[in-house]
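1. please work out how this folds:
(chains A and B)
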Amino acid sequence: MLLTTLEYVPGKTITRHLGLVQGSTVRAKHVGRDIMAGFKNVFGGELKGYTELLQESREEAIDRMKQQAQSIGANAVLNIRFSTSSITQGASELFAYGTAVVLE
Amino acid sequence: MIELIIFVCLLLAGYVFGQMLEQSHYRSILKRESLLRNISLIASKKLPDEFTPCTTSLVAGNVVISVDFFKKFVAGLRNLVGGRVTTYESLIDRARREALLRMREEAGKLGANYVFNVKMETSSISKGQRNTIGSVEVLAYGTAIKLAKDQSDNPVQVDPGMMNLRPG
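-> Numbering: from 1, shown residues only, chains lettered A, B, ... in the order given. Prediction:
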């Protein structure tokens, strides 16, 4: 499965266009991390727990998008975009979408 | 009275540690930026024709940075009179550069020379309500381009200014 943010793949031609595929995930972190983040809020600095959380959810969203693309028989996803939003306090949603295609 | 003392302590702690962390972060950003200068970031969608035999892969980097008590306080004061909130500007700047650096590091591990179509996504995890954790998240992503073997020996000269002018 080829994933790219470009609109085409250099040196390859698109034989079939299969439409939009997407994957999303909502994640919350456990209380311990939240308390530590509360302390960090006084001193500033990177919130490593949250960074990891978002990284994991990004990978999860990509995985789900890949699965959807595979199930409709695509071998590449082009023009991928990510979008992040916070639904409630402490939970964030990561959403990935792109165009599934069959490459020659 | 006790509350006032706690407030001043928090403010001082926020100022001292916040500044310390910010300065050390900027030092590390500048150091790593100079190390990774060989990987160019290009916002264009189109690749030059000379690149054509190449391998592409998705790369991304993200970071969450917290505000400190002092920054929050100063921004609160700023809200009364309006104008530039410089304490938050440096925070966002740090987050953006850090996310781009992490993306570049990932591209560097793959042996890529360019990252095309770089996109950035900024969001705040909390919206700045009272008693919530104020932080900013930046996600940077793009397509890493690794040139074929014969090309990387004599790299193609790219003029970034020209590339952005090409129709997408």
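
2. was I right to think residue A:27 contacts residue A:55?
-> No - the criterion here is Cβ atoms under 8 Å, and residue A:27 misses it with residue A:55 at 10.4 Å. (Glycine included, C-beta is placed from N, CA and C.)

3. contact residues of chain A facing chain B?
-> Counting by Cβ under 8 Å from any Cβ of the partner chain, the residues of chain A close to chain B are A:2-7, A:9-11, A:34, A:37-38, A:40-47, A:50-51, A:54-55, A:58, A:62, A:80-86, A:89, A:92.

4. show me what contacts the residue nearest the centre of chain B?
-> Chain B has residue B:96 as the residue nearest its centroid, 1.9 Å off, counting by Cα atoms, centre = their mean. Neighbouring residues of residue B:96 by Cβ atoms under 8 Å, 6 or more residues apart in numbering or on different chains: B:120, B:122, B:138, B:140.

5. what sits closest to residue 53 if chain neighbours are left out?
-> Because you didn't say which chain, this covers chain A. In space, and not counting its chain neighbours, residue A:53 is closest to residue A:29: 5.2 Å by Cβ to Cβ, 6 or more residues apart in numbering or on different chains.

6. switch to chain B, that's the one I care about
-> Among residues not flanking residue B:53 along the chain, residue B:148 sits closest, at 4.1 Å (Cβ to Cβ, 6+ apart).

7. same deal with residue B:55?
-> Residue B:55's closest residue in space is residue B:146 (Cβ to Cβ, 6+ apart), at 4.7 Å.

8. do residue B:14 as well
-> residue B:69 (3.2 Å).

9. can you name the residues that contact residue B:84?
-> With Cβ under 8 Å, 6+ apart, residue B:84 has these contacts: residue B:78.

10. so where's the chain shaky on pLDDT?
-> You didn't say which chain, so I picked chain A. Regions of chain A meeting the criterion pLDDT under 70 cover residues A:30-34, A:88-90.

11. right idea, wrong chain: chain B
-> Low-confidence segments of chain B, defined by pLDDT under 70, are located at B:125-133, B:149-168.

12. how about stretch A:84-97: buried residues?
-> A:84, A:86, A:90, A:92-97 (16 or more other Cβ atoms under 10 Å in any protein chain shown).

13. okay if I get those as a markdown table plus secondary structure?
-> Shown next, in a markdown table, are the buried residues of stretch A:84-97 (DSSP: H, G, I helix; E, B strand; the rest coil):
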| residue | secondary structure |
| --- | --- |
| A:84 | strand |
| A:86 | strand |
| A:90 | coil |
| A:92 | strand |
| A:93 | strand |
| A:94 | strand |
| A:95 | strand |
| A:96 | strand |
| A:97 | strand |
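
14. could you give me the buried positions within the biggest helix by length in chain A?
-> Ranked by residue count and defined by DSSP state H, the top helix of chain A is helix A:48-71. Going by neighbour count (16+ other Cβ under 10 Å), the buried part of helix A:48-71 is A:49-51, A:53-55, A:57-58, A:60-62, A:64-66, A:68-69.
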